[in-house]
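Enquirer: Below is the sequence, then the predicted model.
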Amino acid sequence: MIDGHFLPRTASLVLAALLCACQQSNTGDEPEPSDVPSGLQRFLLFPNPIQVGGAFETDTDAYAEAYYRAIDPLNERLTLNAWKTKNSVGDAATGTEHTVVFRDVKDLGYGRRMTGRINNTHPDVNINGSVAFVVENYDIWTVSSKGYSSLNVEAAVARDTQWHIGTNAIEWSASPCTAEDPANCSNTVKFAKYYNFSATTGQRENRVDLDGKGLKAMPGACINCHGGRADPLTSDVGGNRRFALIENSLSRKRGDTQGRLQGLNVDSFEFSAQPGWTKADQQAWLKDFNRWVLCTYPLPGGGGTGVDACRPTAGANEWQGTAAEMIKAWYGGSSVVIGMPNDTFADTYVPAGWDAGATLPGTTLTDRSLYRDVVAPYCRTCHIVRGTSGQSDIDFMALGTATTKFRGYADRTKTHVFDRGNMPLALLVYEDFWKSSAPATLASYIDSVLGAGSATSGGAVLKPGRLIADPGPNRMVGLGAARLSGADSLFATTYSWSQTSGPGTAIIADANSMNTTFTPPLAGLYTFRLTVGNGATTHSKTVDITVDAALLAPTFASVRSLVQSGGCTGCHAPASISPIAYTDFDRDGVGGYVSATDDAWFHKELTGRVNLTEIQASPLLRKPSGNHHAGGGPYPAGLNNYSILYNWILEGMPQ
C-alpha cells in the first residue's frame, strides 16, 4: 500500500506567509542563554575517537569510503535514486510504504520528510523483509541562527527546495556476497546501514553537517547515536583500507557497526496544522514505523509471537533489543496477544529498573524522578540502543549498583557532562540540557555517589570549560626515563611539573611541557605535582608513581602476553562474547595465522581500544566498574598489569 499525501498547490506562498508570521515558541526556538557552557564542542563525534597521526581516523574521508565499500560493495547505491531503486521505494506490489512530516524538536531541530518502507514479499533475498527509511531534512536558517525554527516543519510539508539541506537514509538489509568476505556468502542476516546524499545532486556524500558545527565523516555522525561502534580501519594484502569485521555481531559482515534503528518518539515531534500532516493524521503511519523498527531488534531466544514474531533471534552476546520494551510500552505494552494495542502514542515509559520509587541516598531524588527529569530526555535516545548482552550497562535500563548500569557510570557521567562538556552529544540536546533544571538534578545525584563536591562547588553546579589538571592515574614504571603526561588535563594553556616527594631527586626533562619524562635515581615511590594554568587561573593535582625495576617494558610483546593471559581470552576470543579477540587467528582472511600480517591487524585492533583524547577512559584500561585490568584503585593487586598497558599507550603504542 502507498499512502497518498498531496502538497499544497501554493506551497511557496504559504511558506512565505508563514515566514512573516509569529513563530510558535518551544525549546528549539528560544534564544540561547549566555550561561550555556561551551565544553569541548565536539558534538556528533564519538567521545573516544581513534587517533592516527594526530587526526581522528573515524572523521576522515578514508573512513567513510571504507565504510561505503563495506556496506555497498557493488556500488549499487551511489545516488539517492539508486538507493531508492535498490530498496524498491514506490513499489506497492512488494511492500508497505508511508510518508510522514514532522520536526524533531528534541534532536536536530529539522523539518523531516520521512518515507518508511518494509519489503514484505520482495524476490531479492537480500531485500525481502528489509526495512528502509529515507529522510529529507529542511532547515530555515534565516529565521534562527542555528535554524531551530518551528517553520522547518512547514518547509518539509511544502518540500521547498531552497531549505532542503540534505537527505539521510537507513537500510536494514543483508549485504550481497563479495570476494572480500566469501565466508559470509550464505549469510543473509540483516544489519543497519547508513547513507548521506546531497540535497542538490543526489550523490552519495562522505560527510554531513547536522548541527552547524562542521562536516563530519560518515557513518560516525549517525551511528554514535544509533548504538554503533567505530573501530579502526585495517588493510588487506594490497594495502586497501578495510572497514572492521565486528566479531560480536549476528551478521559477521564488514560494515556492521552494530548500529540500530531508533524508535520514533512521537511526543517529541512538532507537527503542522495543515490537513494531512497533523499529528492525528499521521499517528497510524508513525505506529507502523515503530512496529517495523521493532522488527529489526534481536530477540533473546527467538520464536517471538504477536508483534515480536518478526524479530530475528539474538546471538549469544548480541545486543538484546532492550529498546523493544519501550517501543511496545508507547502503544500499551504487550500484555495482550496482539501487542501494542493502542492506536495513539503516549510516552509514560519507565523501565522496571528505575521504578522502585525509593529516595536516593543523600538526595531528595527518587529513582523515578532522576529517570524522568534527566535520563529520559537527555540520555535515553542514544544509550538505550547501545551495548551487548555481556556488557549491557551502557544501555541505562536500570539505576543499577556501584558497578552496574547508570550508577556504575557515575564517574564517566561526571567527566563527560560536568568536566569535558561533550555530553549530551548532540548540540540541541546539549543546549536544552543546560537550559533546564537537569544539571542540578544530575549534579545532586553525582555528589551522592562520588562524594560531596564532585559535581558542585559551594552549592553551584560545576560547568565544563573550567581548568582541570590531570597527571593521570597512580601507576608503576621501570627504572630509566619514564613518561609524565598531562594530556588528560582540560582547558589548560600552560603546564608545570614538580616533584614533591621520593627516595631521591628525579630529573624532569622539561618541567613546562604537557608531556615530558623523568629519570629516577632509585626505585621507590615518587609523587609529582602537575600545575596547569589558563590566564590568571591555575589548578594542581598530584600523582604517585612507583618505580620498580622488575616491571616489564611497555612493548607490544608484553601487552600481547598480558591480554592473552589471566583469563582474558575466555571472553576475548573469536566468535565469543567480545567484539575484539585476543587470541592468535587468521584476522586478514588470507588463510591461516601469519604473524607478520595478523599481528599487525591485532595491533591495530588494540589501538582502537585506546582513547588518546582521554587516556584513562580507554576501553583497554577499564570497564564500567573502573576496575578493568585491576586499575581504578590505589595500588590494588595487579596494578603492574594496568601500568604496562598505560605505559604502552604513553609510549605511542609501539608495534
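Expert: Cool, the structure landed.
Enquirer: Quick check: the gap between residue 445 and residue 158.
Expert: 44 Å (Cβ to Cβ, to the nearest Å). C-beta: built from backbone N, CA, C; applies to glycine.
Enquirer: Kindly apply the preceding question to residue 442 instead.
Expert: Counting by Cβ to Cβ, the gap between residue 442 and residue 158 amounts to 40 Å.
Enquirer: can you check residue 618 too?
Expert: Residue 618 sits at a distance of 48 Å from residue 158 (criterion: Cβ to Cβ).
Enquirer: do the same with residue 50
Expert: Look at residue 50 and residue 158: by Cβ to Cβ, they are 42 Å apart.
Enquirer: These two - which one has more neighbours?
Expert: Neighbour tally, residue 50 and residue 158, criterion other Cβ atoms under 10 Å: the higher count belongs to residue 158, 26 against 23.
Enquirer: Which pLDDT value does the model give the more buried one?
Expert: Turning to residue 158, the model gives it a pLDDT of 97.
Enquirer: Report the separation between it and residue 133.
Expert: Where residue 133 is concerned, residue 158 sits at a distance of 21 Å (Cβ to Cβ).
Enquirer: now do residue 441
Expert: When distances are taken as Cβ to Cβ, residue 441 and residue 133 turn out to be 34 Å apart.
Enquirer: Sticking with the residue in the chain sticking out farthest from the centre, tell me its helix or strand.
Expert: Seen from the C-alpha centroid of the chain, the residue lying at the greatest distance (Cα atoms, centre = their mean) is residue 504, 45.8 Å away. For residue 504, there is no host helix or strand (DSSP states H and E).
Enquirer: Let me see the contact set for it.
Expert: Under the criterion of Cβ atoms under 8 Å, 6 or more residues apart in numbering, the neighbours of residue 504 are 520, 521, 522, 524.
Enquirer: for residue 61, same thing?
Expert: 206, 207, 217 are the contacts of residue 61 under Cβ under 8 Å, 6+ apart.
Enquirer: right, and the last one touches residue 60 too?
Expert: The reference is to residue 217. Yes. Between residue 217 and residue 60 a contact is recorded at 5.8 Å, counting by Cβ atoms under 8 Å.
Enquirer: Between those two, point out the one with more neighbours.
Expert: Neighbours of residue 217 and residue 60, each counted by other Cβ under 10 Å, are more numerous for residue 217; the result is 24 against 18.
Enquirer: how near is the more buried one to residue 58?
Expert: In this view, residue 217 and residue 58 are 7 Å apart by Cβ to Cβ.
Enquirer: and what of residue 565?
Expert: When residue 565 is compared with residue 58 (using Cβ to Cβ), they lie 30 Å apart.
Enquirer: Have a look at those two and say which one is more surrounded.
Expert: Neighbour totals were compared for residue 565 and residue 58, and residue 58 leads with 28 against 11 (other Cβ under 10 Å).
Enquirer: secondary structure class for the more buried one?
Expert: In three-state terms, and counting by DSSP: H, G, I helix; E, B strand; the rest coil, residue 58 is helix.
Enquirer: For residue 65, list the residues it contacts.
Expert: Residues in contact with residue 65, defined by Cβ under 8 Å, 6+ apart, are 206, 241.
Enquirer: Please report how far residue 295 lies from residue 283.
Expert: Between residue 295 and residue 283 the computed distance is 19 Å (Cβ to Cβ).
Enquirer: quick one, which of those two is more surrounded?
Expert: residue 295 (23 against 17).
Enquirer: Make sure residue 365 is actually in contact with residue 442.
Expert: No. Because the distance of 9.6 Å does not satisfy Cβ under 8 Å, residue 365 is recorded as not touching residue 442.
Enquirer: Looking only at neighbour counts, state which of these two leads.
Expert: For residue 365 versus residue 442, the count of surrounding residues by other Cβ under 10 Å is larger for residue 442: 25 against 20.
Enquirer: What average pLDDT does stretch 274-288 get?
Expert: When the per-residue pLDDT values of stretch 274-288 are averaged, the result is 97.
Enquirer: Tabulate the CA atom coordinates of that stretch in CSV.
Expert: Listed next in CSV are the C-alpha coordinates belonging to stretch 274-288 (Å, rounded to 0.1, in the frame of the first residue of the first chain):
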residue,chain,number,x,y,z
GLN,A,274,-2.1,21.6,7.6
PRO,A,275,-4.6,18.9,6.7
GLY,A,276,-3.0,15.6,6.0
TRP,A,277,0.1,16.5,8.1
THR,A,278,-1.2,16.9,11.6
LYS,A,279,-0.2,14.6,14.4
ALA,A,280,-3.7,13.0,14.3
ASP,A,281,-3.4,12.4,10.6
GLN,A,282,-0.1,10.6,10.9
GLN,A,283,-0.5,8.6,14.1
ALA,A,284,-1.2,5.4,12.2
TRP,A,285,1.8,5.7,9.9
LEU,A,286,4.1,6.5,12.8
LYS,A,287,2.9,3.5,14.7
ASP,A,288,3.6,1.3,11.7
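Enquirer: Not counting that stretch itself, show me its contacts.
Expert: With Cβ under 8 Å, 6+ apart as the test, stretch 274-288 has contacts from 3, 5-6, 8, 96, 98-102, 116, 154, 157, 264, 266, 269, 271-272, 331, 340, 343-345.
Enquirer: Apply 6 Å and report the result again.
Expert: Stretch 274-288 is contacted by residues 5, 98, 100, 101, 157, 264, 266, 271, 344 when judged by Cβ atoms under 6 Å, 6 or more residues apart in numbering.
Enquirer: what's residue 619 in contact with, if anything?
Expert: If you count contacts by Cβ under 6 Å, 6+ apart, residue 619 has them with residue 609.
Enquirer: What separation do you get for it and residue 649?
Expert: Distance from residue 619 to residue 649, by Cβ to Cβ: 12 Å.
Enquirer: Low-confidence bits of the chain, can you list those?
Expert: 1-34, 142-147, 180-184, 186, 236-239, 245-249, 335-337, 566, 575-578, 623-637 (pLDDT under 70).
Enquirer: Tell me how it divides into domains.
Expert: Split into domains by automatic domain parsing, the chain comes to 367-461, 475-547, 556-650.
Enquirer: Could I get the full set of strands for the stretch 101-250 of the chain?
Expert: Counting by DSSP state E, counting those that start in this stretch, the stretch 101-250 of the chain forms strands over residues 111-119, 131-138, 164-173, 191-197, 207-208, 216-217, 234-235, 241-242, given from the N-terminal end onward.
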